[in-house]
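>>> Predicted model and sequence follow; I will ask about them next.
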Amino acid sequence: MEKTLAINSGSSSLKWQLYEMPEEKVIAKGIFERIGLERSMSTVKFDGEAHTREIDIIDHRQAVLLLMDELIHFHLIKEFREITGVGHRVVAGGERFKESVLVTQTVLEEIKAISNLAPLHNPANAAGIEAFLKLLPDAVSVAVFDTAFHTTMPQAAYRYPIPNKYYNEFSVRKYGAHGTSHMYVSREAAQYFDKPLESLKLITAHIGNGASISAIDGGKSIDTSMGFTPLGGVMMGTRSGEMDPSVIPFLIENDPELKTAQDVIDLFNHQSGIKGVSEVSSDMRDLEIARDQGDKNAILAYEMFVDRLKKYIAQYFGVLNGADGLIFTAGIGENDRKVREDVVNGLSWFGMEILPERNVRGVVGEISTPTSRVKVLVIPTDEEVIIARDVEKFKKKTAFL
Ligand SMILES: Nc1ncnc2c1ncn2[C@@H]1O[C@H](COP(=O)(O)OP(=O)(O)O)[C@@H](O)[C@H]1O
Ligand SMILES: CC(=O)OP(=O)(O)O
Ligand SMILES: [Mg+2]
């Protein structure tokens, strides 16, 4: 039986799904969470049961090795070569990759070379690809880019208002990220509404450890909150989101610990966001415990987080000139009832009203009132199935070579 593995490396997690293709049957799935943090965990789910254990996971490469051990351990595969296709999420494709590609050594080098466009992700994505090339050298290996879906943005949205030379010669522009997720949930929303995607204006809120908001008009991304790198836009687990760039030289001049622009960017990427303000954790679940205990920094971090989400969502009502639906997805969007409630209640002027009885844990689908002008939906994202489908396309192509 041919099996395909979809690998979704986030900044703090590695999610995977093992499929029987082309049936898209999920044989098993799992997640390595809190990679690089204390109390990292592995969960494997199959046959309706979840097997979770706490285990130290220092990086994504180690997660790949553990994953293959687990597949054998749980008898999900007998030998590695049953897996004939592996698809990898790669966050940044830059101007080079506008669609999924077959991984070659050159492609791998190119993915590494544009790591400055996604410093928390591309190195982890490349590490995952490399680990699999060694473990499964005969499998069809495909890279699926987060930036691909956003290549439909108009120039007016993706260009920065700086001299043209920096776009023409250095490709400095907005690329966005989480595209596979924004694409998936917008298609699912159209099915949910039972309307053609082409007729819908949607705002999609992918809120995980990394978070981004997109404006989707007729199924095409026309704007998104992340920028040149996934540091832009809303506040995140460890990332500041949008900042006034003048802070960078100011900090270099005034804080002896920060010597270069890179030091400050590292600070904004790794030590900021919910983690930096709460001084508790980057993880929303930890933040909730701290807030319940009355921790003032944790409460402020939460308020800032909601504030930034509201501002970007409000912006996109403007970009789209109105919207039919707001979609919540990803770790926080799917699971955090209070974040959804606070965001929607804070934007009620736009014609959104939440139905508290529907806005509960584990809900999927509509959470707004029947009279809400803008429908609010929770749609679990599934970047993995899109990745597996792309692997399937390449398997078919390579079968004819
Ligand atoms: N039940 C939950 N309630 C609140 N937040 C949750 C829950 N489960 C996961 N999260 C949050 O989701 C975030 C991780 O989202 P995820 O989409 O998995 O991130 P990434 O893909 O960027 O690693 C973390 O902040 C985590 O605390
Ligand atoms: C691009 C990005 O931030 O991804 P993630 O949310 O998976 O960290
Ligand atoms: Mg993610």
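Nice, thanks for sending it over. Numbering: from 1, shown residues only. Ligands and ions are numbered 1, 2, ... in the order given.

>>> which residues touch G322?
K201 (CB atoms under 8 Å, 6 or more residues apart in numbering). The C-beta positions use only the backbone N, C-alpha and C, and glycine is treated the same way.

>>> can you list the domains in this structure?
3-145, 193-378 (automatic domain parsing).

>>> Kindly present those domains as CSV, with separate columns for distance to P163.
Converted to CSV, the domains of the chain look like this (distance: least, CB to CB, whole Å):
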stretch, distance to P163
domain 3-145, 18
domain 193-378, 15
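
>>> Redo the ones you listed as a markdown table? Include mean pLDDT and distance to S171.
Converted to a markdown table, the domains of the chain look like this (pLDDT from 0 to 100; distance: least, CB to CB, whole Å):
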| stretch | mean pLDDT | distance to S171 |
| --- | --- | --- |
| domain 3-145 | 94 | 5 |
| domain 193-378 | 97 | 9 |
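
>>> any bit of stretch 335-352 sitting next to ligand 1?
Yes - Stretch 335-352 lies within reach of ligand 1 by CB under 6 Å from any ligand atom, at N335, D336.

>>> which residues of the stretch 1-150 of the chain fall in strands?
3-9, 14-20, 25-33, 41-46, 49-54, 83-90, 101-102, 140-145 (DSSP state E, counting those that start in this stretch).

>>> residues in contact with the fifth one?
Surrounding strand 49-54, the residues in contact under the criterion CB under 8 Å, 6+ apart are R39, S40, M41, S42, T43, V44, K45, F74.

>>> Would you check which of these are in contact with ligand 2?
Applying CB under 6 Å from any ligand atom, the subset of these adjacent to ligand 2 is empty.

>>> Tell me the buried residues within these.
Those of those that meet the buried threshold are S40, M41, S42, V44, by 16 or more other CB atoms under 10 Å.

>>> quick check, nearest of those residues to V26?
Distance ranking of those against V26, using CB to CB, places V44 first at 12.2 Å.

>>> ok, back up a step: kindly reformat the strands of the stretch 1-150 of the chain as TSV containing distance to ligand 1.
Listed next are the strands of the stretch 1-150 of the chain as TSV, based on distance: least, CB to the nearest ligand atom, whole Å:
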stretch	distance to ligand 1
strand 3-9	7
strand 14-20	7
strand 25-33	7
strand 41-46	11
strand 49-54	13
strand 83-90	9
strand 101-102	22
strand 140-145	15
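
>>> which among the contacts of strand 49-54 gets closest to K259?
Nearest to K259 among those, with distances taken as CB to CB, is S40, at 31.1 Å.

>>> tell me the contacts of the closest one?
With contact set as CB under 8 Å, 6+ apart, S40 has these partners: F32, E33, R34, E54, I55, D56, I57.

>>> Next: A28.
A28 makes contact with Q17, L18, V44, K45, F46, L71, F74, L76 under the criterion CB under 8 Å, 6+ apart.

>>> Do I have it right that the second one meets M1?
No - counting by CB atoms under 8 Å, L18 does not reach M1; the two are 11.0 Å apart.

>>> Which residue of these two possesses the greater neighbour count?
Using other CB atoms under 10 Å as the criterion, L18 and M1 rank with L18 on top: 24 against 8.

>>> what's the closest of the buried ones among the contacts of strand 49-54 to ligand 2?
S40 (15.3 Å; CB to the nearest ligand atom).

>>> Taking the contacts of A28, tell me the two that lie furthest apart.
Going by CB to CB, the pair spanning these furthest: Q17 and F74, at 14.1 Å.

>>> if I look at R34, how far off is E79?
R34 is 30 Å from E79, where distance means CB to CB, to the nearest Å.

>>> Which one's more surrounded, these two?
Using other CB under 10 Å, the more surrounded residue of R34 and E79 is R34, with 20 against 8.

>>> Around ligand 1, which positions in this structure sit nearby?
Selection of the chain residues close to ligand 1 by CB under 6 Å from any ligand atom yields 10-13, 208-210, 237, 283-285, 330-332, 335-336.
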